[in-house]
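J.: Prediction below, plus the sequence it came from.
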Amino acid sequence: MAKKPVPQCKAFLICKKVGVDDATGEFSLSKIINTLEFPAFAAEAGPFAIFLQLYDGIGRYALSVELRDLAGDISVAAANLTDLDFPERLVKMALALPIPSLWLPHPGRYEISRFVRRAGGGDPVH
């Protein structure tokens, strides 16, 4: 049996706010965030949201996000968010993930990554 495909990421945007139109289901992104700057550290970032669009999956996957300190290549925060179910390969999955806050211990470069695991565990795949 062939391995289940890994969903591909079409969009990963950090925004001040992500809205969803109740009638159409369309997303509205407000104030895309490219960088965060603070007058002093440690600092708290947020609230904000991540808009994520995935495609080309099939079946169930677990979604998580992680904040990494790139200087030391260490995880600062991580969260398992939700299970995704792709009923067929042509389905695009769009999500708005609210992030109430993130604690940044010192100045530097950080990265927010998303990970998708095949249902039943296994190594995360980006």
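T.: Received it, and whenever you're ready, just let me know what you need.
J.: so where is this structure shaky, pLDDT-wise?
T.: Confidence mapping of the chain against pLDDT under 70 gives the ranges 1-2, 119-126.
J.: For the residue nearest the centre of it, give me its contacts.
T.: With distances taken as C-alpha atoms, centre = their mean, the chain has Arg114 as the residue nearest its mean C-alpha position (4.4 Å). In this structure, Arg114 makes contact with 9, 12, 50, 52, 63-65, 126, judged by C-beta atoms under 8 Å, 6 or more residues apart in numbering. Just so you know, the C-beta spots here come from the backbone N, C-alpha and C atoms, and that holds for glycine as well.
J.: what do you get if the cut-off is 7 Å, keeping everything else the same?
T.: By C-beta atoms under 7 Å, 6 or more residues apart in numbering, the contact list for Arg114 reads 9, 12, 52, 63, 65.
J.: ditto for Ala11
T.: Ala11 sits next to 51-53 when contact means C-beta under 7 Å, 6+ apart.
J.: what's the distance between it and Glu44?
T.: Note on Ala11: its distance to Glu44, by C-beta to C-beta, to the nearest Å, is 26 Å.
J.: Equivalent analysis for Arg68, please.
T.: When C-beta to C-beta is applied, the distance between Arg68 and Glu44 equals 17 Å.
J.: higher neighbour count, the two?
T.: Between Arg68 and Glu44, counted using other C-beta atoms under 10 Å, the more crowded position is Arg68 (17 against 11).
J.: Quick one: residues contacting that one.
T.: 74-76, 110-111, 113.
J.: doesn't Pro5 make contact with Asp56?
T.: Yes. Between Asp56 and Pro5 there is a contact under C-beta atoms under 7 Å: 5.9 Å.
J.: could you pull out the strands for the protein?
T.: 8-20, 27-32, 43-45, 48-55, 59-69, 74-86, 92-99, 102-104, 110-118 (DSSP state E).
J.: For Ser30, give its distance to Ile14.
T.: For Ser30, the distance to Ile14 (C-beta to C-beta) stands at 12 Å.
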